[in-house]
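Asks: fold the following and give me the result.
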Amino acid sequence: MLPNRLTNQPEELTVRDHYDFIIVGGGSAGSALANRLSARGDANVLVLEAGRPDYPWDVFIHMPAALTIPIGNRFYDWKYLSEPEEFMNARRIYHARGKVLGGSSSINGMIFQRGNPLDYERWAGDPGMEQWDYAHCLPYFKKMENCLAGADDYRGGSGPLVLERGPVTNPLFGAFFEAVREAGYDWTHDVNGFRQEGFAPFDRTIHRGRRLSAARAYLHPVTGRKNLEVRCRSAVTKILFDGERAVGVEVVERGRARSVKGSEVILCGGAFNSPHLLQLSGVGNAHDLSRLGVEVVANLPGVGQNLQDHLEVYVQHDCTQPVSLAPALKWRRRPLIGAQWLFGRSGPGATNHFEGGGFARSNEEVRYPNLMFHFLPIAIRYDGSSPASGHGYQVHIGPMYSNSRGSLTLTSKDPTVHPAIRFNYLSTAQDRREWVEAIHVARDILAQPAFGPFNGGEISPGPSVASDNEILEWVQRDGETALHPSCTCKMGTDEMSVVDPKTMRVHGLEGIRVVDASVMPYVTNANIFAPVMMIAEKAADLIMGSAPLAPSNAPFYRHRIDATTPPTDGAAPDGAQ
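Replies: All right, here's what the predicted structure looks like:
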């Protein structure tokens with residue numbers, strides 16, 4: 001049964017005539033904000049989610065190992081496509097976005113990574129962003145976490161988001177962790193702690209064998225609050241303005257459009273939906289909007305610009321020993337795996353299998369890791385297709401700091417028509433250089449002696465891809481998104497910024513704020529779920545006018561080539577040989 005205040009298809013749209021906060025999007029940020037804002041009992045909060053409920057019986061959402069099934073499935077995924085990418089052989093790159101309560105946290109890979117502390121120092125280096133440095137962000141990371149590996153100066157122990165560390169018991173993880181050491185890279189105790197650079201088991205949003213989405217962590221425990229209403233299958237198509245003040249939204253349910261009034265409208269639709277809704281409502285580049293016949297409310301040319309993402313590939317090997325996860329893919333094994341998970345929350349179904357990896361620098365010019373590695377003890381694509389008939393393993397690899405920038409542009413006044421999305425992957429010399437470096441680093445690790453007992457040879461890209469040009473051509477053919485779109489309504493004070501970093505309000509307007517991945521000025525060097533949740537936690541205090549959490553004085557690792565280099569946190573991962 002759904003909680004009694006989490007409604008699906010109501011007879012009437014509203015119980016109240018007016019809300020204090022209307023949250024557009026019940027995804028990662030929206031779930032966290034709904035929890036925190038409704039904790040103030042005198043504030044009435046409405047969450048409008050266009051997707052369907054995250055039904056408790058839906059195994060494809062809640063079983064961690066089923067993560068490949070929602071991708072590309074119209075019941076779970078909004079199924080975005082980029083425009084033909086000029087530097088990717090004119091391919092249209094597929095982008096999955098969650099079409100369900102919890103948003104993309106209900107269909108993602110469940111990997112929890114904050115990014116490097118220097119990511120936030122970079123944010124704080126922009127004018128007006130001083131309160132978004134690592135010292136001010138760390139307390140909010142800790143506030144949201146219940147890290148089962150242990151709380152300390154860097155990790156929280158009492159937050160709603162339970163984090164379990166990957167068990168890394170498969171022998172291929174042991175080989176991987178030993179191989180990175182043989183290749184000259186360090187281990188680290190915790191990639192979300194003092195030192196990110198290095199390799200270790202990963203934190204994951206899995207608890208007791210079940211996916212812990214933002215909705216399950218933040219929304220479901222509080223749906224009994226009388227001042228909180230969560231409505232699914234409620235698509236917001238326009239923000240309603242009275243002059244320069246947002247006064248509500250237009251929402252479509254069961255094919256009927258109605259208006260809902262509110263004192264504050266908070267967009268939490270993510271890097272695609274939030275700028276798209278702003279543009280549909282007359283907020284964006286005035287020239288572009290007027291050309292489509294959209295009445296301009298505010299000329300903000302930065303809306304939809306500065307789009308950033310991570311591109312990745314898989315370097316895959318055959319495995320000579322029967323130790324990979326390949327048997328779990330066989331149809332005859334699935335009933336047993338399903339039963340193990342259903343009745344015991346155990347077995348291969350109870351993990352996302354992305355249990356370990358790490359961060360490294362591809363050259364000595366970068367200040368902190370520009371490469372992220374996810375190791376997987378099977379050769380398989382993210383959508384579940386596999387090139388290997390037998391056992392295999394792979395590493396997911398890609399540069400984290402591409403200086404390519406893209407855009408999201410309104411193409412129609414019809415809100416059901418997706419905007420034109422261009423990432424401009426591989427469009428810069430730096431991007432292309434770091435891609436070549438990334439593949440060389442990945443291949444070097446997978447060729448180390450530790451993999452000797454398992455290495456049956458590279459199957460992708462394969463020995464025919466050897467030169468730097470051949471590597472780039474392969475990335476153009478085979479690269480796919482790591483599903484980290486961001487930065488399209490960036491915080492800041494320059495002429496291309498959209499959101500005020502001190503209030504989360506859209507510049508020049510009242511009653512309208514944005515809180516999601518779109519407000520990042522720069523994408524972090526890892527998966528973006530954790531930073532989005534931190535932004536939501538911090539934004540809740542800004543919106544309510546609460547005293548901010550005191551900044552942390554905890555130090556963090558900085559790579560230096562001199563005698564002042566801090567001590568390394570080089571404890572061996574549990575899976576290392």
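Asks: quick check: longest strand of the protein.
Replies: Longest strand of the chain, by residue count under DSSP state E: strand 256-267.
Asks: helices and strands around it, which ones?
Replies: Packed against strand 256-267 by the contact rule (3 or more C-beta pairs under 8 Å, 6 or more residues apart in numbering; DSSP states H and E) you find strand 18-24, strand 45-48, strand 235-242, strand 245-253, helix 270-280, strand 512-514. Just so you know, the C-beta spots here come from the backbone N, C-alpha and C atoms, and that holds for glycine as well.
Asks: partners of it in the sheet?
Replies: On the basis of DSSP bridges, the sheet neighbours of strand 256-267 come out as strand 18-24 (parallel), strand 245-253 (antiparallel), strand 512-514 (parallel).
Asks: can I get those strands in CSV including mean pLDDT and distance to P53?
Replies: Formatted as CSV, the entries for the strands paired with strand 256-267 read as follows, by pLDDT from 0 to 100; distance: least, C-beta to C-beta, whole Å:
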stretch, mean pLDDT, distance to P53
strand 18-24, 97, 16
strand 245-253, 97, 14
strand 512-514, 98, 25
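Asks: for the longest strand of the chain, what is the average pLDDT?
Replies: Taken as a whole, strand 256-267 carries a mean pLDDT of 96.
Asks: how far out from the middle of the chain is that strand?
Replies: Put simply, strand 256-267 sits 26 Å off its chain's centre (C-alpha atoms, centre = their mean, to the nearest Å).
Asks: now the angle between strand 235-242 and it, please.
Replies: Here the directions of strand 256-267 and strand 235-242 differ by 70 degrees (axes from the mean of the first three to the mean of the last three C-alpha atoms, to 10 degrees).
Asks: only alpha carbons, please: show strand 256-267 as PDB.
Replies: Listed next in PDB are the C-alpha coordinates belonging to strand 256-267 (Å, rounded to 0.1, in the frame of the first residue of the first chain):
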ATOM      1  CA  ARG A 256      -6.700  18.100 -17.600                       C
ATOM      2  CA  ALA A 257      -4.800  21.300 -17.000                       C
ATOM      3  CA  ARG A 258      -5.300  23.200 -13.800                       C
ATOM      4  CA  SER A 259      -3.500  25.800 -11.800                       C
ATOM      5  CA  VAL A 260      -2.100  25.500  -8.300                       C
ATOM      6  CA  LYS A 261      -1.100  28.600  -6.300                       C
ATOM      7  CA  GLY A 262       1.800  28.900  -4.000                       C
ATOM      8  CA  SER A 263       4.100  31.400  -2.300                       C
ATOM      9  CA  GLU A 264       7.200  29.700  -3.500                       C
ATOM     10  CA  VAL A 265       7.800  27.500  -6.500                       C
ATOM     11  CA  ILE A 266      11.000  25.400  -6.300                       C
ATOM     12  CA  LEU A 267      12.200  23.600  -9.400                       C
END
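Asks: which residues sit against it?
Replies: Contacts made with strand 256-267 from outside it, assessed by C-beta atoms under 8 Å, 6 or more residues apart in numbering, are listed as 13-14, 17-25, 30, 33, 46, 48, 237, 239-240, 246-252, 273-274, 277-278, 489, 504, 511-516, 543.
Asks: wasn't R443 part of a strand?
Replies: No. Under DSSP: H, G, I helix; E, B strand; the rest coil, R443 sits outside any strand and is assigned helix.
Asks: can you get me the start-to-end distance on stretch 162-180?
Replies: Start-to-end span of stretch 162-180 (C-alpha to C-alpha, to the nearest Å) is 29 Å.
Asks: average pLDDT for that stretch?
Replies: For stretch 162-180, mean pLDDT is 97.
Asks: quick one: it to chain centroid distance?
Replies: For stretch 162-180 - counting by C-alpha atoms, centre = their mean - the centre lies 22 Å from the chain centre.
Asks: same check on stretch 406-426?
Replies: For stretch 406-426, the gap between its own C-alpha mean and the chain's C-alpha mean amounts to 19 Å (C-alpha atoms, centre = their mean).
Asks: stretch 64-74 now?
Replies: Distance, centroid of stretch 64-74 to centroid of chain: 16 Å (C-alpha atoms, centre = their mean).
Asks: now the protein, which segments are flagged as low pLDDT?
Replies: Residue ranges of the chain with pLDDT under 70: 1-15, 381-389, 560-571, 575-577.
Asks: cutoff 50 now
Replies: When residues are selected by pLDDT under 50, those of the chain lie in 1-4, 9-14, 561-567.
Asks: what comes up buried for stretch 119-130?
Replies: Neighbour-count burial for stretch 119-130, with 16 or more other C-beta atoms under 10 Å as criterion, is recorded at 119-124, 126, 129.
Asks: repeat that for stretch 422-441.
Replies: When neighbours are counted by 16+ other C-beta under 10 Å, the buried residues of stretch 422-441 are found to be 422-427, 431-432, 434-439, 441.
Asks: now, these that are in helices?
Replies: Residues of those located in helices (DSSP state H): 431-432, 434-439, 441.
Asks: if we can go back for a sec, just say which of the strands paired with strand 256-267 is most tucked in.
Replies: Most buried of the strands paired with strand 256-267 by mean neighbour count (mean count of other C-beta atoms under 10 Å) is strand 512-514; its value is a mean of 27.
Asks: so which residues of the stretch 351-500 of the chain form strands?
Replies: 356-360, 371-376, 392-399, 406-409, 420-422, 455-460, 480-481 (DSSP state E, counting those that start in this stretch).
Asks: could you dump the ones you listed to JSON lines with distance to S38?
Replies: Conversion of the strands of the stretch 351-500 of the chain to JSON lines gives the following (distance: least, C-beta to C-beta, whole Å):
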{"stretch": "strand 356-360", "distance to S38": "36"}
{"stretch": "strand 371-376", "distance to S38": "35"}
{"stretch": "strand 392-399", "distance to S38": "37"}
{"stretch": "strand 406-409", "distance to S38": "30"}
{"stretch": "strand 420-422", "distance to S38": "33"}
{"stretch": "strand 455-460", "distance to S38": "48"}
{"stretch": "strand 480-481", "distance to S38": "33"}
